[in-house]
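*Asks:* okay, predicted coordinates and the sequence, questions at the end:
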Amino acid sequence: MQDIYIGDEGKGFPLVLIHGFLGSSKMWGPQIDFFKKNFRVITPDLPGFGKSTHIKSHDSILSLANLILDCLKDKQINKFSLLGHSMGGMIVQEMAKMEGNKIIKLICYSTGPMGEMPDRFETIEQSRNNLKKIGLEITARNITKTWFMLGEKAKYFDDCIQIGKDTSIEAADNALVAIKNWNGVNSLKLIKNETLIIWGDKDKSYNFKQIQILKNNILNSSLITFKGCAHNVHLEKPDEFNNSIKEFLNQ
C-alpha cells in the first residue's frame with residue numbers, strides 16, 4: 001500500500017477529512033484545531049499532494065477511495081465519520097457506496113454527483129490546458145481566486161496558494177482526469193448513510209442543480225446553504241461551518 005501522509009490529531013471518535021483538488025491536509029487548519037478537542041481528526045494528503053508529493057498520483061476517483069479505505073483499515077479505524085470537500089466529496093461518495101457500513105455520518109461539502117460540472121467557471125479540459133500552457137503556479141492562483149468571495153484578499157488565500165504550489169504537475173493533471181471521468185449520479189441511491197450536504201450559494205464550481213441531485217437522491221440527507229460564501233466555506237466562515245458539523249455529528 002502507498003505510504004501517504006496522514007495527519008492524526010486529538011482523541012475520540014474518528015473524523016476523516018478528505019481534501020479536494022490542489023488541496024492538502026493543511027487546508028483543514030481551523031477544523032483540526034476545533035475538532036481535535038472532541039474527535040480523533042484524520043487528514044490524509046492524497047498521492048501527489050501536500051506531504052504526499054513523492055507518492056505516485058492516481059487518475060481515478062475509485063482508486064483514491066480504495067486507497068483511503070485501505071489506509072483507515074491499516075490504522076485499524078473500522079468506524080468513522082467522513083467529510084469530503086470538492087474532489088474529496090467525490091471520493092467519499094465512492095467510499096460510502098463501497099463500505100457505507102463503516103461510516104457513521106457522511107458530509108458532502110461543496111461537491112456534486114458528477115466530475116464534469118455544468119456551469120463550472122471553466123471546463124475540466126480548459127483547466128488541463130491551462131496547467132500545460134501557463135504552469136501550476138498561475139493556474140493555482142486563477143483557480144483559488146474562485147474559491148473565495150474576496151478572491152485574493154481572502155484571509156486564507158495565500159495559504160491555499162502555497163498548498164496548491166506544493167502539488168506536483170502530474171498529480172494536478174491526473175486529478176483533473178480523475179474528476180472528468182467520474183460520474184456518480186446513477187449510484188447515489190446506494191448511499192444509505194445519514195448525510196449532511198454543505199454548499200456556499202456563490203460557489204463557482206457547483207451550481208444548485210448539482211446540489212439538488214445529491215439532496216434528492218441520497219435518501220437520508222439534509223442540506224445547509226451558507227449565504228455569501230463560495231467554494232471554501234470552511235475557510236470563509238470557519239466558526240459557523242465547524243459548529244454546523246459538530247451539531248450534525250452530535251445528533
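*Replies:* Thanks, I have it. All values reported here derive from a predicted model rather than from experimental measurement.

*Asks:* which strands and helices sit next to the longest helix along the chain?
*Replies:* The longest helix of the chain (DSSP state H) is helix 124-145. Where contact means 3 or more C-beta pairs under 8 Å, 6 or more residues apart in numbering; DSSP states H and E, helix 124-145 is packed against helix 157-165, helix 169-180. No exception for glycine: its C-beta is placed from N, CA and C like everyone else's.

*Asks:* could I get these as CSV with distance to Ile4?
*Replies:* Output for the helices and strands packed on helix 124-145, formatted as CSV (distance: least, C-beta to C-beta, whole Å):
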stretch, distance to Ile4
helix 157-165, 16
helix 169-180, 12
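
*Asks:* most tightly packed of these?
*Replies:* helix 169-180 (a mean of 20; mean count of other C-beta atoms under 10 Å).

*Asks:* name the residues that touch it?
*Replies:* The contact list for helix 169-180 (C-beta atoms under 8 Å, 6 or more residues apart in numbering) reads 21-22, 46-49, 53, 57-61, 64, 87, 90, 115-116, 124-125, 127-128, 131-132, 135-136, 139.

*Asks:* what angle do it and helix 124-145 make?
*Replies:* 110 degrees (axes from the mean of the first three to the mean of the last three C-alpha atoms, to 10 degrees).

*Asks:* avg pLDDT for helix 169-180?
*Replies:* In this model, helix 169-180 has a mean pLDDT of 96.

*Asks:* likewise for stretch 45-62?
*Replies:* Stretch 45-62 comes out at a mean pLDDT of 96.

*Asks:* any idea how far apart the tips of it sit?
*Replies:* End-to-end span of stretch 45-62 (C-alpha to C-alpha, to the nearest Å): 16 Å.

*Asks:* so which bits of it are buried?
*Replies:* 45-53, 55, 57-59, 61-62 (16 or more other C-beta atoms under 10 Å).

*Asks:* same check on stretch 180-189?
*Replies:* Here stretch 180-189 shows 180, 182, 184, 188 as buried, counting by 16+ other C-beta under 10 Å.

*Asks:* tell me the pLDDT of Lys102.
*Replies:* pLDDT, Lys102: 98.

*Asks:* you'd agree it is up against Lys73?
*Replies:* No - the criterion here is C-beta atoms under 8 Å, and Lys102 misses it with Lys73 at 9.1 Å.
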